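Peer 1: Need a 3D model of the following:
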Amino acid sequence: MLKNFVEDFAKSMEIMDKILPPAVNVKTKKEYQKGIGPYQETLLIRHVVGNMIENNPSIYSNLKLEVKYPNQRGRCDVVVNDNLFIEIKAVRKMRDNGTQEEFLVNHILSPYENDKSFLTDTKKLLDSEFIGEKAVVFYGYDYDEAPMDIIVGCYELIAEKYFCKFKETYECPFDGLTHPIHQRGKVKGYLLEQ
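Peer 2: Now for the predicted structure:
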């Protein structure tokens, strides 16, 4: 099921990239450049998953977003068929205007719970009382000067050394996106050993 989810998420990113209006800056209300790349994580997930449900209703008819964790704070990003629990994180090194996002490393690799990083999301999901398979998924953009594989590789090393073991991994590229900076990348998913 995770393999299908990763592949369908990548396909739906390409589809939604062509359909969605430009994202809007929450603070300034100014439109970003056209394309899915600048979309805020929660909104992007909502749009992409909505497209997945529309295109594959037999697989994703029982897909839920933002499901409350049992007996703890926070919400799990996606739940498929009440038995696959998924946390999703964006890897976006460049901003809409071409400057670098200086907090990306902390956003992905911080081992400290208060930072709400992808590492701590992984641990929180693994330690949760959800019953079923648990997975974490990246979607991210590749840039010549900042390849996604470097930060993802760092995540894998730290996660497996201190937090979890990966049972299976899947990845699927996407390409040809509209935004002049966020044009290509991949979706990568990890099924966690429990």
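Peer 1: And the helix ranked longest in the chain, what's buried?
Peer 2: For the chain, the helix that runs over the most residues, judged by DSSP state H, is helix 2-19. Buried residues in helix 2-19, counted by 16 or more other CB atoms under 10 Å: 2, 5-6, 8-17. Quick note: C-beta positions are derived from backbone N, CA and C, even for glycine.
Peer 1: export the residues you listed to a markdown table and tack on distance to residue 137?
Peer 2: Compiled in a markdown table, the buried residues of helix 2-19 are given as follows (distance: CB to CB, whole Å):
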| residue | distance to residue 137 |
| --- | --- |
| 2 | 8 |
| 5 | 7 |
| 6 | 7 |
| 8 | 11 |
| 9 | 7 |
| 10 | 10 |
| 11 | 14 |
| 12 | 13 |
| 13 | 12 |
| 14 | 16 |
| 15 | 18 |
| 16 | 16 |
| 17 | 18 |
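Peer 1: just the residues you listed now: which is nearest residue 136?
Peer 2: residue 2 (9.9 Å; CB to CB).
Peer 1: And the pLDDT for the closest one?
Peer 2: Looking at residue 2, its pLDDT is 97.
Peer 1: How about the contacts made by it?
Peer 2: Applying CB atoms under 8 Å, 6 or more residues apart in numbering to residue 2 gives the contacts 84, 86, 133, 135, 137, 168, 170, 189, 191.
Peer 1: Those residues in strands, which ones?
Peer 2: If you go by DSSP state E, the contacts of residue 2 have 84, 86, 133, 135, 137, 168, 170, 189, 191 in strands.
Peer 1: Would you confirm that the last one contacts residue 137?
Peer 2: Pointing back at residue 191 there. No: using CB atoms under 8 Å, residue 191 is not in contact with residue 137; the gap is 10.0 Å.
Peer 1: do you know how far the residue lying farthest from the centre of the chain is from residue 96?
Peer 2: In the chain, the greatest distance from the average C-alpha position (CA atoms, centre = their mean) is reached by residue 28, at 24.8 Å. Going from residue 28 to residue 96 by CB to CB, to the nearest Å gives 11 Å.
Peer 1: now do residue 118
Peer 2: Residue 118 is 22 Å from residue 96, by CB to CB.
Peer 1: Quick check on those two: which one has the bigger neighbour count.
Peer 2: residue 118 (25 against 20; other CB atoms under 10 Å).
Peer 1: sorry, back to before: more neighbours: residue 191 and residue 137, which one.
Peer 2: residue 137 (22 against 19).
Peer 1: Kindly state the pLDDT recorded for the residue nearest to the more buried one when sequence neighbours are not counted?
Peer 2: Distances taken as CB to CB, 6 or more residues apart in numbering put residue 189 closest to residue 137, at 4.3 Å, once the chain neighbours are dropped. Note for residue 189: predicted pLDDT of 98.
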